[in-house]
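Enquirer: whatever this is, show me its structure:
(one chain, ligands or ions: 1)
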Amino acid sequence: MVLNGDMTNPSQLVSFNDGNTIPQLGFGTWKLSGDECYNAVRTAISVGYRHIDTAKIYGNEEPVGRAVADAIAAGEVDREDLFITTKLWNDGHDHAPEEFEASLDRLGLDYVDAYLIHWPFPAAGKYVKAWEDLIRIQGVGRVRSIGVANFYEETLDDLENATGVIPVMNQVELHPGFSQASLRAYHDEKDIVTEAWSPLGRGDSLTEQTIVQIAEEAGATPAQVVIAWHVALGNVVIPKSGNAKRIEENFVALDVALTDAQIDAITALDADGGRSYNDPRQWPELES
Ligand code: A2P
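Expert: Model (predicted):
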């Protein structure tokens, strides 16, 4: 649910089932590392992003944390105004508390706003144990909200049935060509926020003919059109860019208003495309 309903405000908030909120437009950092990551996060904060997404496996918690610390020290932002997410990797399902502390150390933060189980990894069968640990970690007060990524209906049900605690959000692959209609409907039923990773289809969506044409009609760039489509669907969206101009271009995407027909035309691209990364029902396999 969009709280303030102001579609032109890039920091507009979406509410969680635990009472907390998240800025709908965030900055994705997958594939960014070292100084490039540091500079990108500094740029993102300076143009107005207030939501940064990282993960242990991205190997960039340290530069993300340094960029956040330096932006705060420079007086650009207060910690309370930032929403920072990190994630538990697949090899940590049976020792989440230690993994969580190590992430906080790398980030140099006292708390994160969201901690997510990165993949359900059903072959290992330990995601319920990890979820029980995340619930305990939340109780200690160093993470405000807990959620998951790449979960699907059955694994979400397992968490709820075992603990009664429903994740605040599920971050999943979602882009034009793979709009995840049935999973989004399930999230709505359970009051789980849908967060889109690879929201631009890793850039592939931007040359798609329908999107290029809508961009011309809307007087916007293809990336802005795709971000506006995510927002129209109610997704939290975390485009990644290492380029300052594109970081800013993506941030002002919420000024783009699409018609219902344009939104439907983008959603209809599902017929031509699909998942471009691993299927969480099958991946990862157990190492023999
Ligand atoms: P770059 O980092 O050089 O800007 P996704 O978020 O779906 O994973 O997509 C990320 C990819 O899309 C990256 O290759 C990124 O390249 C590219 N990208 C991000 N924003 C834009 C934009 N506004 N215009 C063109 N390409 C973009």
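Enquirer: alpha carbons only for contacts and neighbour counts from here, please
Expert: OK.
Enquirer: and the helix or strand harbouring His230, C-alpha only, in PDB?
Expert: According to DSSP states H and E, His230 maps onto helix 222-233. Only the C-alpha atoms of helix 222-233 are listed here, as PDB (Å, rounded to 0.1, in the frame of the first residue of the first chain):
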ATOM      1  CA  PRO A 222      12.900   3.700 -21.400                       C
ATOM      2  CA  ALA A 223      14.400   3.200 -17.900                       C
ATOM      3  CA  GLN A 224      12.000   5.800 -16.500                       C
ATOM      4  CA  VAL A 225       9.100   4.100 -18.200                       C
ATOM      5  CA  VAL A 226      10.000   0.800 -16.700                       C
ATOM      6  CA  ILE A 227      10.500   2.200 -13.200                       C
ATOM      7  CA  ALA A 228       7.100   4.000 -13.600                       C
ATOM      8  CA  TRP A 229       5.500   0.700 -14.600                       C
ATOM      9  CA  HIS A 230       6.900  -1.000 -11.400                       C
ATOM     10  CA  VAL A 231       5.500   1.900  -9.300                       C
ATOM     11  CA  ALA A 232       2.100   1.600 -11.000                       C
ATOM     12  CA  LEU A 233       2.000  -2.100 -10.100                       C
END
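Enquirer: now do the helix or strand following that helix: which elements does it pack against?
Expert: Moving toward the C-terminus from helix 222-233, the first helix or strand encountered (DSSP H and E) is strand 236-237. Other elements packing on strand 236-237 under the criterion 3 or more CA pairs under 8 Å, 6 or more residues apart in numbering; DSSP states H and E are strand 193-197, helix 222-233.
Enquirer: returning to that earlier point: the helix holding His230 near the ligand at all?
Expert: Yes - legend: contact between helix 222-233 and the ligand by CA under 6 Å from any ligand atom is shown at Ala223.
Enquirer: what residues of that helix count as buried?
Expert: Pro222, Ala223, Gln224, Val225, Val226, Ile227, Ala228, Trp229, His230, Val231, Ala232 (16 or more other CA atoms under 10 Å).
Enquirer: what does the stretch 151-288 of the chain put close to the ligand?
Expert: Contact residues (CA under 6 Å from any ligand atom) of the stretch 151-288 of the chain with the ligand: 198-203, 223, 239-243, 246, 249-250.
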